[in-house]
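J.: predicted structure and sequence below. I'll ask about it afterward.
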Amino acid sequence: MTDDITSTFALMVAAKLDVEASSWREIVGIGEVNHVFVLETPEGDLVVRFHRDPLDTDDYSKEEWCLRSLPAEGIPTPEFIARGRLDGQSYMVQRFVAGTGGDDVRSDHLWRQLGRYARTINEISLDESAPDSLFPRFGRDLHSNWTKHIDYNIGELSQDDSLLSAGVYEPGGQVKLIRLFQWLADKVPGFGLTHGDLVPKNVILPDSGLPVVLDWGSASAGPVPNSDYARIHFAPESEGYTEADTRAFADGYGIPLESILQILQAQRVLDSVDVCRWAIDNRPDRLDAYVMRASAVVRQFSEWV
């Protein structure tokens, strides 16, 4: 969408909700997945979010569930207002939270708070009210899902594997990957809900009260605390997270990084290979980028062993 079209869509969402916006602005530079507009209204500022990618089919149902469910568990979130579809485009509206962005005040204290948040989120009960979009493709039973996930990725490592011809791994590399995935199968500390992107840029520090957690679009149910630790430890250099940041997060969570580092490395290989297989069937337009990343991760793995 062009700038004019995106702002028009945000105002159309407001009109659908019978809300009159006196002014609006787009928040840029904080993410690649959603357009984010702040609308000034007589009832207070609102945030309208909708996908940048026209092929993105997420309906924001898991984000609604998280925003409604997490505050009762001690995780502050923005107030959920509405979600829906307009002209074939999904959108979500939430209350604007005033304060200082977490990226502007990175500190050991904030990282430890995020570690405590991550542990609380991981331990939240996922009952029947949790939408299916939170769960991986093999169903809502997370233990069974993990076993099927491992078995699937091992089973695909054949001589006819399309990822072999794509260059994700070298001929003969299947044996190493199979051994790695078999080793990983029973090494996961636990299963539960994860935010998926619990870093300072997704936190607002209000003038009073606890930090508020934003952007639940990467939330999912699965192995914990793997993705929370991995998100920081394997962050791109451009994000500037340090070993001290990871350790402060781990201190807040309560599990030393060293005790699960091998598991994080192994699951990183599994995830990078698995997302390539997902892209073949669902998003072939993303496959080249995923293959490039997976080949780099697998190459690093091959250097370990």
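T.: Yep, it's here.
J.: where along the stretch 201-305 of the chain do the strands fall?
T.: Secondary structure of the stretch 201-305 of the chain (DSSP state E, counting those that start in this stretch): strands at 203-205, 212-213, 220-224.
J.: what do you get for the stretch 1-150 of the chain?
T.: 23-26, 34-40, 46-51, 80-86, 89-95, 100-101.
J.: go through the ones you listed and pick out the most buried.
T.: Burial of the strands of the stretch 1-150 of the chain is given as mean neighbour count (mean count of other C-beta atoms under 10 Å); strand 46-51 ranks first at a mean of 23. Where C-beta positions appear, they are placed from N, C-alpha and C, glycine not excepted.
J.: can you give the domain ranges for the protein?
T.: 3-96, 101-304 (automatic domain parsing).
J.: so which of the strands of the stretch 201-305 of the chain gets nearest D141?
T.: strand 220-224 (10.2 Å; C-beta to C-beta).
J.: measure V97 to I154 for me?
T.: Distance of V97 to I154, given as C-beta to C-beta, to the nearest Å: 44 Å.
J.: what bits of the stretch 151-300 of the chain have low per-residue confidence?
T.: The model of the stretch 151-300 of the chain has no residue with pLDDT under 70.
J.: what's stretch 249-264 in contact with?
T.: 111-119, 184, 187-189, 225-226, 228-230, 232-234, 246-247 (C-beta atoms under 8 Å, 6 or more residues apart in numbering).
J.: filter these down to the buried ones.
T.: Among those, those classed as buried by 16 or more other C-beta atoms under 10 Å are 111-119, 184, 188, 225-226, 228-230, 232-233, 246-247.
J.: quick one: which of the residues you listed sit in helices?
T.: Within these, membership in helices is found for 111-119, 184, 226, 228-230, 232-233, 246-247, as judged by DSSP state H.
J.: save the strands of the stretch 1-150 of the chain as TSV, and put in mean pLDDT and distance to Y290 too.
T.: Putting those into TSV (pLDDT from 0 to 100; distance: least, C-beta to C-beta, whole Å) gives the following:
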stretch	mean pLDDT	distance to Y290
strand 23-26	91	28
strand 34-40	94	20
strand 46-51	95	19
strand 80-86	96	28
strand 89-95	96	23
strand 100-101	94	30
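J.: so for Y169, which of those strands sits nearest?
T.: Of the strands of the stretch 1-150 of the chain, nearest to Y169 by C-beta to C-beta is strand 46-51, at 32.4 Å.
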